[in-house]
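> how does the following fold in three dimensions:
(one chain, ligands or ions: 1)
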Amino acid sequence: MPLSQIVQRVPPVYEKPPPFLARWFPPVGPPSLSQVETEGTAVVSVPGRYCMTHLVEGPESLVLVDVGSVADIPRIEAAVDWLGKPVSLIIPSHLHFDHIMGIEAAAKHFDAKIALSQVAHTFVSNGKRLRFVRGLSFPTAVRVWVWQGAPFFAAEDMPGGFRFGFPWSRNPFGALDNRVLRDGQAVPGLDGWLLLETPGHADDAVCLYNPAGGLLIAGDTVRNYQGGEWNEIMTDPAAYENTIARLEALDVQAVFPGHGPVLVGQGIMQRLHF
Ligand SMILES: [Fe+2]
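Numbers count the residues shown, from 1 in each chain. The predicted model follows:
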């Protein structure tokens with residue numbers, strides 16, 4: 001079936017200029033505010049201090065994917081006001097610090113619940129630590145940090161944020177939703193969006209997929225520092241191979257990466273490089 005048409009525009013929301021290094025160093029340039037609309041839903045993407053936050057519009061409410069920093073909340077709030085609906089749920093794409101240090105504060109701020117995937121939920125509810133990425137070299141870590149604009153931890157993220165997303169963290173979320181998100185099932189509060197388990201970069205990595213519009217919110221499973229690429233940083237390379245094969249088979253015309261600008265166009269999944 002042909003995909004619904006999508007329209008991309010810039011929402012009239014205040015945008016903080018990107019950090020100096022992020023303006024010059026990522027080959028593709030810094031991310032900017034974006035709104036992608038299709039039949040029955042829209043995704044507003046807000047560049048944050050450590051990652052992108054994506055706001056997904058449902059019929060009555062919004063679902064946020066990732067809040068990297070407490071310092072990002074005012075700009076997310078401006079985008080929430082623009083969409084004009086309350087936030088019902090916050091979903092971490094995976095439990096890495098740069099995607100979740102602001103989630104607990106955002107849940108309180110927006111009076112929303114935090115919904116976890118089955119893998120993340122199992123670890124969090126047992127108070128266990130997740131495996132962290134393997135073989136991350138120092139030069140690679142520095143390169144991606146510089147591409148992100150070389151952010152230091154915001155004062156707002158200390159000290160509470162360190163309980164979330166680090167190798168030692170047990171991620172004690174206080175506002176957990178009692179629904180666990182399962183592979184292939186509908187995302188609560190959204191029409192036409194499915195959750196996909198996409199392990200590889202992280203064991204608990206998930207994507208949100210809208211088949212009718214061909215929209216994929218990818219977390220760190222897809223990055224866009226270099227024009228759209230699979231992530232070189234992995235926890236489980238074999239699982240990542242399966243994830244890549246699964247995602248390459250999807251009909252996608254807009255990818256919302258965890259880092260870097262939104263990718264729009266036909267055949268995107270087939271054009272991603274390593
Ligand atoms: Fe990550």
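
> tally up the residues packed near whatever residue of the stretch 101-250 of the chain ends up closest to the ion, please.
Using C-beta to the ion, Asp220 is the residue of the stretch 101-250 of the chain that sits closest to the ion, at 3.6 Å. Quick note: C-beta positions are derived from backbone N, CA and C, even for glycine. Using other C-beta atoms under 10 Å, Asp220 has 24 neighbouring residues.

> and the average pLDDT for stretch 124-137 is what?
The predicted model assigns stretch 124-137 a mean pLDDT of 90.

> pull out the buried residues from that stretch.
Applying a neighbour-count criterion of 16 or more other C-beta atoms under 10 Å, one finds 124, 130, 132-133 buried in stretch 124-137.

> which residues touch it?
With contacts defined as C-beta atoms under 8 Å, 6 or more residues apart in numbering, stretch 124-137 is touched by 95, 116, 120, 122-123, 167-173, 176, 201-204, 233-236.

> touching the ion at all, it?
No: if you take C-beta under 5 Å from the ion as the test, stretch 124-137 misses the ion, and the best it gets is 7.2 Å.

> quick one: end-to-end distance for that stretch.
End-to-end span of stretch 124-137 (C-alpha to C-alpha, to the nearest Å): 27 Å.

> residues of this structure that sit close to the ion?
Proximity of the chain to the ion (C-beta under 5 Å from the ion) is limited to residues 96, 220.

> where does Gly161 land on pLDDT?
The predicted structure scores Gly161 at 79 on the pLDDT scale.

> tell me the secondary structure at the closest residue to Leu263 other than its chain neighbours.
Nearest residue to Leu263 in three dimensions, chain neighbours excluded: Val255, at 4.3 Å (C-beta to C-beta, 6 or more residues apart in numbering). Secondary structure, DSSP: H, G, I helix; E, B strand; the rest coil: Val255 is strand.

> does Val255 touch Pro261 like I think?
No: under the contact definition of C-beta atoms under 8 Å, Val255 does not touch Pro261, with a separation of 10.0 Å.

> which stretches of the stretch 1-150 of the chain form helices?
20-24, 73-83, 97-100, 103-110, 118-126, 138-147 (DSSP state H, counting those that start in this stretch).

> from the chain's centroid, how far away is whatever helix or strand comes next after the last one?
Just to be clear, that refers to helix 138-147. As assigned by DSSP states H and E, the chain's next helix or strand after helix 138-147 is strand 194-197. Remark: strand 194-197 is offset 13 Å from the chain centroid, using C-alpha atoms, centre = their mean, to the nearest Å.

> what of stretch 193-209?
Remark: stretch 193-209 is offset 10 Å from the chain centroid, using C-alpha atoms, centre = their mean.

> mind checking the end-to-end distance for it?
With C-alpha to C-alpha as the measure, stretch 193-209 spans 5 Å from end to end.

> do the same with stretch 42-59
Distance between the boundary residues of stretch 42-59 (C-alpha to C-alpha) amounts to 10 Å.

> centre of the chain to that stretch, how far?
The gap between the average C-alpha position of stretch 42-59 and the chain average comes to 8 Å, counting by C-alpha atoms, centre = their mean.

> tell me the spacing between the residue of the stretch 101-250 of the chain closest to the ion and Gly258.
For Asp220, the distance to Gly258 (C-beta to C-beta, to the nearest Å) stands at 4 Å.

> with Gly84 instead?
Going from Gly84 to Gly258 by C-beta to C-beta gives 26 Å.

> who's more crowded, those two?
Legend: neighbour count by other C-beta under 10 Å for Gly84 and Gly258, higher for Gly258 (29 against 8).

> that one touches Leu216, doesn't it?
No: contact status for Gly258 versus Leu216: not in contact, 11.7 Å apart, counting by C-beta under 8 Å.

> name the stretch among the helices of the stretch 1-150 of the chain that sits most buried.
Using mean count of other C-beta atoms under 10 Å, the stretch among those with the greatest mean number of neighbours is helix 97-100 (a mean of 24).

> so which elements touch it?
The elements that helix 97-100 packs onto, with contact taken as 3 or more C-beta pairs under 8 Å, 6 or more residues apart in numbering; DSSP states H and E, do not include any helix or strand.
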